[in-house]
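# Structure of the sequence below:
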Amino acid sequence: MKTNKHIVVIIPAFNEENSVGKVVNDIPKDWVREIIVANNNSNDMTPINAKNAGAIVVDEPVQGYGNACLKGMAYLVENNISPDVVVFLDADYSDYPEQLIELVQPIINDEVDLVIGSRALGDKERNSMTPQQIFGNWLATFLIKLIYKVEFSDLGPFRAIKYDSLLKINMQDKTYGWTVEMQVKAAKLKMKCIELPVDYRVRIGKSKVSGTLKGTIMAGYKIITTIFKYSR
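Sure, this is the predicted structure:
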């Protein structure tokens, strides 16, 4: 089973040498034309392992999840690549890259603009999400429903979006607010968004966000402020 649509995967990565190759290897290659790993100032073998697995590696020395994602998008513009669908996927091997096929189907069929892979709706391995992640997702999605009248269950990083819609959203966030910015802007623009269940496992290595108190606080603050920022 294949598609004639042009699908690109962007993977932000910071010090994920033990997992990034597994992520790239598990992406269904007959569905994807380019796999772009945005190396976000790693000081380990992340870029080498990503390249050895077959990914295109671009370097973003300024740290920040959003910075890395924006670098991957900039590569598309600089190389005149205009895909039909862009998939974002983390480099820590917590998601199941093969589920990309399920996520892109509603976009390929021209039914929706944005598909969020919801960990809340899928099967989660025990301890794959911290209590603060679960509570943070609940609070953020509650506020989005309250303010934007659109219901989500997760801010999951595994997501697919029409490229044209991604350009209309005009992503700006350079750090922790990336995922929520995409969702609230899509809601504000009245784009059609859906969620599909995705499975989730314990990541390889320690999280740079939920794995530290500082990261948890900073991410939570940025997510909440981003939700209110675009409500005006």
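
# Where in the chain is the helix or strand with the lowest mean pLDDT?
helix 213-229 (a mean of 80; mean pLDDT, DSSP states H and E).

# my guess is residue 57 contacts residue 50, does it?
Yes. The criterion here is Cβ atoms under 8 Å, and residue 57 meets it with residue 50 at 5.2 Å. (C-beta placed from N, C-alpha, C; glycine too.)

# thinking again about what came up before, in terms of secondary structure, what does the least confident helix or strand of the chain contact?
Judged by 3 or more Cβ pairs under 8 Å, 6 or more residues apart in numbering; DSSP states H and E, helix 213-229 is in contact with helix 131-148, helix 178-188.

# relative to helix 213-229, how tilted is the shortest one?
Read it as helix 178-188. Orientation check (axes from the mean of the first three to the mean of the last three Cα atoms, to 10 degrees): helix 178-188 against helix 213-229 gives 10 degrees.

# Pick the most buried one from the helices and strands packed on helix 213-229.
With neighbours defined as mean count of other Cβ atoms under 10 Å, the helices and strands packed on helix 213-229 peak in mean count at helix 178-188, which reaches a mean of 23.

# Secondary structure element holding the residue nearest the centre of the chain?
Nearest residue to the geometric centre of the chain (Cα atoms, centre = their mean): residue 157, 3.2 Å. In the assignment (DSSP states H and E), residue 157 maps to no helix and no strand.

# who's in contact with it?
Contact analysis of residue 157 by Cβ atoms under 8 Å, 6 or more residues apart in numbering lists 88, 89, 90, 95, 179.

# Just the helices from this structure, written as ranges.
20-26, 46-52, 65-78, 100-108, 131-148, 163-169, 178-188, 213-229 (DSSP state H).

# Save those as CSV, and put in distance to residue 3 too.
CSV is the format used below for the helices of the chain (distance: least, Cβ to Cβ, whole Å):
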stretch, distance to residue 3
helix 20-26, 18
helix 46-52, 24
helix 65-78, 18
helix 100-108, 6
helix 131-148, 30
helix 163-169, 14
helix 178-188, 23
helix 213-229, 33
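
# Roughly how far does the residue lying closest to residue 120 once chain neighbours are set aside sit from residue 14?
Closest residue to residue 120 in three dimensions, ignoring its sequence neighbours and counting by Cβ to Cβ, 6 or more residues apart in numbering: residue 153, at 4.0 Å. To residue 14, residue 153 is 27 Å away according to Cβ to Cβ, to the nearest Å.
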